[in-house]
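Asker: Coordinates for the following, if possible.
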Amino acid sequence: MLSARNRELLGLIPAALLVVGGFTAIFIQTEGNSPGASTNLTLNHASSVSLTYGALFLVLCLAAHLVIRFALPNADPYLFPLVAVLASVGIVMVYRIEPTLARQQAQWMVLGLVLFAATILALRKRGVGVLERYRYTIAVVGIGITVLPRLPGIGEQVNGAYLDVHIGSVSFQPAELAKVAIVIFLASYLRDNRQILVTAGRRVLGVTIPPMKQFGPMLIVWGAAMATLLITRELGTSLMFYGAFLALLYVATGRLSFPLIGLVLFALGAWYVTGHVSHVHARVLAWEHPFQESLYNKLEGGSYQLAQSLFAQADGGLLGAGFDRSLLRLGPHGASILPVPESDMIYAVIVNELGLAGAAALLGVYLLLIARGLKTAVLARDSFSKLLATGLSFIIAIQVFVIVGGVTRVIPLTGVTLPFVAYGGSSVVMNFVLVALLLVISDRARRPYAPRTRR
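Answerer: As a prediction, this is how the structure comes out:
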């Protein structure tokens, strides 16, 4: 029977094959459309270059695998291969859309794997419990950096939201770091105070109201995070934080009344913000009326973006139009038909080219990744690790729901990236750190119990 680490090693092969197959299809399609191209030369060139890219991708994954093998021998054997499959789909799709961005994405992936290995090596002996000591520092840093995009000189407004920080030639999204920091704080605080939240408090109309002495500090930190994100107008991340907050609160206390109260408060807040914040109001109008003529004639964003996304997905059908066959621009240097296809709309491109079947397969990989994260939470031996693994898993789940729901018009469209697939350096780097934390928790949870020695 294969060991856990050997199963992980075998699981990396499909990811490398996806890279080889994807790049082969791209090169054959591109060179096949060139006048006078020889079929044999096209196939030979496509195969050689694709094998090179696949080998490079496999080498990077093998390097990360070796770190896991020697530092976390008992870790979950399926978490990293699932991430590798998502990353392979992402690098191929981004290259198909814009090769220059794919090279940048590859560089960010290398940096993400470096921090992935550094996180594992730093926490392999002491575990994630060491993070509890610095929970308030982590929370303050996480909240503080979310305000950076509003600072003049380094911040920039894009499509109504303040997302990026630019320092020289480097840009990043602080909210990606903040999502991990806030989950660490919430998991730590709930671990210490969950018993009081369950047993203490007053009952009002059959609902237990927790004592503010214990509940207050958590609400203050969470409220500060929400306020700063609303200041920056990053509504997708705000929704992601709120969902993780309610999930952790329910898991920690077992009281269904707490998330129900949270949902009522969210509905009231959404109603108020929709009517009083112009940026949010415009997004809701675009969601309600994506084909309204006065809105649809906008060249960028708004309902034009959503309408084109729906057209692209409808064009894909069940099996897709074919890889590298979706029409993204009018001519080589023409206007964009589907705005921001490498980031916000990459799911629409996948549905268009691979169809409903391909999109369902991609979502299936996400479901497996989330399931392995939640299983890690179930197996964890201490409360903080359980809550942290739960929060990190829900962050991925909510992030996928927010962007896929927005692109398919289930909810208003926001600027959250599709984890490991969409173009975005900050997202790639921090998601690798997130998976490293899950692997550290998994390793300690799966270690065999030491036998008791008789005296």
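Asker: switch to C-alpha atoms for all contacts and neighbour counts from now on
Answerer: Will do.
Asker: could you point out which element follows the lowest-mean-pLDDT helix or strand in the chain?
Answerer: Least confident helix or strand, the chain: helix 293-296 with a mean of 52, by mean pLDDT, DSSP states H and E. The helix or strand immediately downstream of helix 293-296 is helix 302-316, counting by DSSP states H and E.
Asker: low-scoring stretches of the stretch 301-450 of the chain, by residue?
Answerer: By pLDDT under 70, the low-scoring segments of the stretch 301-450 of the chain are 301-302, 331-335, 450.
Asker: at 80 what do you get?
Answerer: 301-304, 323-336, 414-416, 449-450 (pLDDT under 80).
Asker: Tell me where it has strands.
Answerer: Secondary structure of the stretch 301-450 of the chain, counting by DSSP state E, counting those that start in this stretch: no strands present.
Asker: Give me the residue ranges of the stretch 51-200 of the chain where confidence is low.
Answerer: 51, 143, 146-172, 193-200.
Asker: Just the strands from it, written as ranges.
Answerer: 155-158, 161-167, 170-172.
Asker: Tell me the spacing between P412 and A227.
Answerer: Between P412 and A227 the computed distance is 20 Å (Cα to Cα, to the nearest Å).
Asker: Compare these two (neighbour count), which wins?
Answerer: Between P412 and A227, P412 has the larger neighbour count (other Cα atoms under 10 Å), namely 21 against 16.
Asker: mind listing what that one touches?
Answerer: 283-284, 286-287, 405-406 (Cα atoms under 8 Å, 6 or more residues apart in numbering).
Asker: any idea how far P339 is from the closest residue to R325 other than its chain neighbours?
Answerer: Nearest residue to R325, sequence neighbours excluded (Cα to Cα, 6 or more residues apart in numbering): E353, at 6.3 Å. To P339, E353 is 16 Å away according to Cα to Cα.
Asker: In terms of pLDDT, where does V204 sit?
Answerer: On pLDDT, V204 comes in at 57.
Asker: rewinding a little: looking at E353 and P339, which one has more neighbours?
Answerer: More crowded of E353 and P339, by other Cα under 10 Å: E353, with 24 against 21.
Asker: So that one sits against G320, correct?
Answerer: Yes - counting by Cα atoms under 8 Å, E353 does reach G320; the two are 4.6 Å apart.
Asker: one step back: tell me the contacts of the residue nearest to R325?
Answerer: E353 neighbours (Cα under 8 Å, 6+ apart): 316, 319-326.
Asker: Distance to S309 and neighbour count added to those, as TSV?
Answerer: Shown next, in TSV, are those (distance: Cα to Cα, whole Å; neighbours: other Cα atoms under 10 Å):
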residue	distance to S309	neighbour count
G316	11	24
L319	17	15
G320	14	23
A321	15	19
G322	17	14
F323	17	18
D324	16	22
R325	15	16
S326	12	21
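Asker: Which members of the residues you listed are positioned in helices?
Answerer: G316 (DSSP state H).
Asker: Closest to G129 out of the contacts of E353?
Answerer: Distance to G129, by Cα to Cα, is smallest for F323 among the contacts of E353, at 45.3 Å.
Asker: Tell me the spacing between that closest one and F258.
Answerer: 46 Å.
Asker: just A4 next, same as before
Answerer: As judged by Cα to Cα, A4 and F258 stand 39 Å apart.
Asker: Same drill for the two, tell me which one is more crowded.
Answerer: Using other Cα under 10 Å, the more surrounded residue of A4 and F258 is F258, with 18 against 15.
Asker: ok so the more buried one is a helix residue?
Answerer: Yes - counting by DSSP: H, G, I helix; E, B strand; the rest coil, F258 falls inside a helix.
Asker: which ones are touching it?
Answerer: 246, 249-250.
Asker: on that earlier part again, among the contacts of P412, name the buried ones.
Answerer: Buried members of those, scored by 16 or more other Cα atoms under 10 Å, are 283-284, 286-287, 405-406.
Asker: Pick out whichever of those residues sits closest to R447.
Answerer: The nearest one, if we look at the buried ones among the contacts of P412 relative to R447 and count by Cα to Cα, is G405, at 38.2 Å.
Asker: check contacts around that closest one.
Answerer: Counting by Cα under 8 Å, 6+ apart, G405 has contacts 411-413.
Asker: ok, now with 6 Å
Answerer: Each residue near G405 by Cα atoms under 6 Å, 6 or more residues apart in numbering is listed here: I411.
Asker: Distance check, it against L318.
Answerer: Distance from G405 to L318, by Cα to Cα: 19 Å.
Asker: Please apply the same query to I441.
Answerer: From I441 to L318 the distance is 39 Å (Cα to Cα).
Asker: so how many other residues sit close to the closest residue to I346 other than its chain neighbours?
Answerer: Among residues not flanking I346 along the chain, A422 sits closest, at 6.2 Å (Cα to Cα, 6+ apart). Look at A422: counted by other Cα under 10 Å, it has 26 neighbours.
Asker: okay but A422 is in contact with D344, surely?
Answerer: No - the criterion here is Cα atoms under 6 Å, and A422 misses it with D344 at 7.4 Å.
Asker: So which of the contacts of F258 are in helices?
Answerer: 246, 249-250.
Asker: which among those residues gets closest to R191?
Answerer: L249 (10.2 Å).
Asker: pLDDT wise, what is the closest one at?
Answerer: 84.
Asker: Who are the contact partners of S88?
Answerer: Applying Cα under 6 Å, 6+ apart to S88 gives the contacts 15, 19.
Asker: again, only using 7 Å
Answerer: 15, 18-19 (Cα atoms under 7 Å, 6 or more residues apart in numbering).
Asker: now do V402
Answerer: By Cα under 7 Å, 6+ apart, the neighbours of V402 are G236.
Asker: And R5, by the same measure?
Answerer: Listed by Cα under 7 Å, 6+ apart, the contact set of R5 reads 69, 73, 77.
Asker: Try it again at 6 Å.
Answerer: Contacts of R5 (Cα under 6 Å, 6+ apart): none.
Asker: can you tell me how far it sits from L363?
Answerer: 25 Å.
Asker: just F258 next, same as before
Answerer: For F258, the distance to L363 - Cα to Cα - is 29 Å.
Asker: can you check A244 too?
Answerer: Counting by Cα to Cα, the gap from A244 to L363 is 20 Å.
Asker: When the two are compared, which one has more neighbours?
Answerer: Between A244 and L363, counted using other Cα under 10 Å, the more crowded position is A244 (25 against 16).
Asker: tell me the angle the helix or strand where that one lies makes with strand 161-167.
Answerer: Element membership for A244, per DSSP H and E: helix 235-253. Interaxial angle of helix 235-253 relative to strand 161-167 (axes from the mean of the first three to the mean of the last three Cα atoms, to 10 degrees): 100 degrees.
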